[in-house]
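Okay, sequence plus prediction incoming.
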Amino acid sequence: MNRIPTAAGSSRRRILFLATVAATALGAALTGCAGLVGPRTVNLSESELTLLLARQFPLERKVLDVVDLQVTNPQLRLLPDTNRVATELDFSTLDRLFGTRAQGHINLDYGLRFNAPDHTIRLSQVRVRQLSFDSGAGSLRGAGERLGTLVAEDLLENLAIYRMKPAQADEMDRLNLVASDIHVTAQGVSLTLSPKDH
């Protein structure tokens, strides 16, 4: 003989079901919170890093008050052994006084650092390794060294190539996370964010 469910029995089953759902949701929430306060890593592949850097170009400056400099076409290469990034750049100059032009290449390398106040990754300790002219070198009349210094120190040093999204930056500040040193690997770069007391 089948027993007809009573209203009280139905209510008890509904309460048990809701309690089970609530417990499951609470467990998931606690697991999520545990993940939020643990270390997390920001990874940028070589291709992503190349794209981020390319967005900053062309760069233009004036040299010796009369020479217009334009730097273009960054070609990036990772240097995991030294924890740095190498980049080759094309440049062109226009001497506005004499109307002559020059063009060439600059090879340089640099480290990367995280700047906490604005949540950016920036170029650091830029060093020019080689500067060569394809044509028009005479028009610069010995300004090659100053040209290399300008590109390294004035154009690229402290250049921001990555900025966290506002929601990511807010979460980092809310959870009191701090950034480790950036590590250059054969695949890209990685930045670990951890609680201050981690």
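Cool, the structure landed.

Mind jotting down where the helices sit in this structure?
Taking DSSP state H to define them, one finds helices in the chain at 7-37, 46-54, 144-149, 166-174.

ok, residues contacting the shortest one?
By that I understand helix 144-149. Here helix 144-149 makes contact (C-beta atoms under 8 Å, 6 or more residues apart in numbering) with Val63, Leu64, Leu69, Phe91, Thr93, Ile106, Val128, Leu131, Phe133, Ala137, Leu140. Just so you know, the C-beta spots here come from the backbone N, C-alpha and C atoms, and that holds for glycine as well.

Now with 6 Å, please.
Residues outside helix 144-149 that contact it (C-beta atoms under 6 Å, 6 or more residues apart in numbering): Val63, Val128, Leu131.

I'd like the C-alpha coordinates of that helix written as PDB, please.
Output of helix 144-149 as PDB, limited to C-alpha atoms (Å, rounded to 0.1, in the frame of the first residue of the first chain):
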ATOM      1  CA  GLY A 144      75.900  58.000 -32.400                       C
ATOM      2  CA  GLU A 145      76.800  57.500 -28.700                       C
ATOM      3  CA  ARG A 146      74.400  60.100 -27.600                       C
ATOM      4  CA  LEU A 147      71.800  58.600 -29.900                       C
ATOM      5  CA  GLY A 148      72.200  55.200 -28.200                       C
ATOM      6  CA  THR A 149      72.000  56.800 -24.800                       C
END
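
Which pLDDT does the model give the residue nearest to Asp90 when sequence neighbours are not counted?
Leaving aside its sequence neighbours, Asp90 sits nearest to Asn73 (C-beta to C-beta, 6 or more residues apart in numbering; 4.4 Å). For Asn73, the pLDDT comes out at 97.

My understanding was that Asn73 contacts Phe91; is that so?
No - using C-beta atoms under 6 Å, Asn73 makes no contact with Phe91, being 9.2 Å away.

Please say which of the two ends up with more neighbours.
For Asn73 versus Phe91, the count of surrounding residues by other C-beta atoms under 10 Å is larger for Phe91: 23 against 12.

burial measure for the closest residue to that one other than its chain neighbours, as a count.
Closest residue to Phe91 apart from its sequence neighbours, by C-beta to C-beta, 6+ apart: Val71 at 4.9 Å. For Val71, the neighbour count with other C-beta under 10 Å is 21.

Numbering from 755 from now on, please.
Sure, I'll start counting at 755 from here, so that last one is Val825.

For Val825, which residues are in contact?
Applying C-beta under 6 Å, 6+ apart, the residues near Val825 are Leu813, Leu843, Phe845.

again, 8 Å this time
So Val825 contacts Phe811, Pro812, Leu813, Glu814, Leu843, Asp844, Phe845, Ile860, Val905, Leu909 (C-beta under 8 Å, 6+ apart).

His859 now?
By C-beta under 8 Å, 6+ apart, the residues touching His859 are Glu842, Leu843, Asp844, Phe845, Gln884, Leu885, Ser886, Asp888.

do you know how far the residue nearest to Phe845 is from Leu885?
If you measure Val825 against Leu885 using C-beta to C-beta, to the nearest Å, the figure is 12 Å.
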